[in-house]
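[1] prediction below, plus the sequence it came from.
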Amino acid sequence: MALNPQLFPNWMPVPFTNELFVLARDGVEFHVDKIPGTNQVKARGTVYLSNIRIVFVASKPVGNFVAFDMPLLYIHDEKFNQPIFHCNNISGFVEPVIPENEHRALYSTHSFKILFKEGGCGTFVPLFLNLISSVRQYNRQSNVGTEPRVDPLQAAQTPVDEMMRHAYVDPNDPTKIFLQQPNSESQLRRRTYHSQPVEHSN
């Protein structure tokens, strides 16, 4: 995970090189723990899903919390929950993205929950679960014999076009699927989790 990733002025996340945004979902509530200064954060806002990560962007900042970035390769034990008296949600855990030269013991695993407060989730949930499964499968095949702590940006190599073409669109789910990339006029791209964005030349 990464707290407060770089955003455009319209609050869309600044993409990494080769990152493709798949969808955006408004009207969610996001819970995450172990945030410096506040520990537990609950906020309303928008979730963006790409072939690399899922990014929550708060409608209004909560203290110093504006956005939260979760690499798909670092998420584990995710579950789709359908409680009887509460709204549907996805819960799970995400490992921290640790800067080079810093020790793992300084960073905690976070638990998170995405609650679907407005409308259904029949588009979002299958796409999220299929994408995370494909990313894991593709990464296992391309990293046989290497260490488990992989570069989160390797997820960009996962082919997602076929998955998008066959995505089920739930009429009760307000998720927006991106048929073309948002902010495509901007050439700003990030190269690593801990670098500033740079102009990308085609």
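    Received, thanks. What you see is a predicted model; the values in this text were computed from it and never measured. Numbers count the residues shown, from 1 in each chain.

[2] okay, buried residues for the helix ranked longest in the chain please.
    The residue-count maximum for a helix in the chain (DSSP state H) belongs to helix 124-142. For helix 124-142, burial by neighbour count (16 or more other C-beta atoms under 10 Å) applies to 124, 125, 126, 127, 128, 131, 132, 134, 135, 136, 138, 139. Quick note: C-beta positions are derived from backbone N, CA and C, even for glycine.

[3] pLDDT-wise, which helix or strand of this protein ranks last?
    Lowest by mean pLDDT, DSSP states H and E among the helices and strands of the chain is strand 198-199, with a mean of 62.

[4] contacting residues for residue 13?
    By C-beta atoms under 8 Å, 6 or more residues apart in numbering, the contact set of residue 13 is 5, 6, 7, 21, 48, 50, 55, 57, 67, 69.

[5] residues in contact with the third one?
    Contact analysis of residue 7 by C-beta under 8 Å, 6+ apart lists 13, 14, 57, 66, 67.

[6] with residue 63 instead?
    Contacts of residue 63 by C-beta under 8 Å, 6+ apart are 37, 38, 41.

[7] ranking by neighbours, what's the top pick from these?
    Highest neighbour count within the contacts of residue 63: residue 41, with 22 neighbours (other C-beta atoms under 10 Å).

[8] give the helix, strand or coil label for that residue.
    strand (DSSP: H, G, I helix; E, B strand; the rest coil).

[9] kindly report the same for residue 108.
    From three-state DSSP, the assignment for residue 108 is coil.

[10] quick one: low-confidence ranges for the chain?
    Along the chain, the model assigns pLDDT under 70 to residues 141-150, 155-159, 161-168, 183-188, 190-191, 194-202.

[11] quick one: the helices in it, in order.
    Going by DSSP H, the chain shows helices at 124-142, 161-165.

[12] nearest residue to the most centrally placed residue in the chain in space, please, no chain neighbours.
    Centroid-nearest residue in the chain: residue 54, 0.7 Å away (criterion: C-alpha atoms, centre = their mean). Distances taken as C-beta to C-beta, 6 or more residues apart in numbering place residue 70 nearest to residue 54, at 5.0 Å, with adjacent residues excluded.

[13] these two touch, right, the one you found and residue 55?
    Yes: using C-beta atoms under 8 Å, residue 70 is in contact with residue 55, at 7.4 Å.

[14] more crowded one of these two?
    residue 70 (26 against 22).

[15] can you pull the contacts of that one?
    1, 53, 54, 55, 56, 94, 112.

[16] same deal with residue 66?
    Per C-beta under 8 Å, 6+ apart, neighbours of residue 66: 4, 7, 57, 58.

[17] top of those by neighbour count?
    residue 57 (21 neighbours).

[18] what's across from it in the sheet?
    According to DSSP bridges, residue 46, residue 67 are recorded as the beta-bridge partners of residue 57.
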